[in-house]
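Enquirer: have a look at this fold, sequence not included:
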């Protein structure tokens, strides 16, 4: 297990613990507005969760295995969706608490809440679009990384074959050179034998006379 995977698991456990605290804080009767103990606690915990998700994304991108990297990044995206739902609930409770604190008629409260909820809905829609673009970009980056890895393996394999062919060519050249040397030696021996036979023949003829 790589160091990045171990760090991711540690952040994962911490994120689950924090989201559990956030849910308990939002359900707490102490949540009256952003300045109440419950409101401050939820706000701080949400900020910590944002930081954790950033760290988890960094660790996931550092994982060398492409398949595991996709799985971890998918888990981070799921956590982002979960965290956004908690943020929406926090904002909703903050708006309702603020409206109650400011007083006024019930219709004014409802109108103000509707306007603010519509603004939040638009912002969430923009955030969702941005997240989809980021996810698509991450997917393309992963595919490019895998393609580069495959190309690198192919190139390294080709280099290995080239080195092997070069080695065989060198050996063949040495064998041919050795054969040429032996052929020259055999020719010299043959020439020497022929010359010796000729000399012997002439000496033999002279001796017969």
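Expert: Cool, the structure landed. Keep in mind that this is a model prediction, so the values were computed, not measured.

Enquirer: what's the spacing between residue 20 and residue 70?
Expert: Separation of residue 20 from residue 70 (Cβ to Cβ, to the nearest Å): 27 Å. To be clear about C-beta, it is placed using only N, CA and C from the backbone, and glycine gets the same treatment.

Enquirer: pLDDT value on residue 200, please?
Expert: Note on residue 200: pLDDT of 79.

Enquirer: least trustworthy helix or strand in this structure by mean pLDDT?
Expert: Scoring the helices and strands of the chain by mean pLDDT, DSSP states H and E places helix 106-208 at the bottom, with a mean of 75.

Enquirer: which strands and helices lie in contact with that helix?
Expert: Where contact means 3 or more Cβ pairs under 8 Å, 6 or more residues apart in numbering; DSSP states H and E, helix 106-208 is packed against helix 66-102.

Enquirer: now the helix it packs on: how far from the chain's centre is it?
Expert: 25 Å (Cα atoms, centre = their mean, to the nearest Å).

Enquirer: same check, this time on stretch 11-24
Expert: From the chain centre to the centre of stretch 11-24 is a distance of 26 Å (Cα atoms, centre = their mean).

Enquirer: buried residues in that stretch?
Expert: By neighbour count with 16 or more other Cβ atoms under 10 Å, stretch 11-24 contains the buried residues 11-12, 15, 18-19, 22.

Enquirer: correct me if wrong: residue 88 contacts residue 120.
Expert: Yes - with contact defined as Cβ atoms under 8 Å, residue 88 reaches residue 120; the gap is 6.7 Å.

Enquirer: report the central residue of the protein.
Expert: By Cα atoms, centre = their mean, the chain has its centre lying nearest to residue 61, at 4.5 Å.
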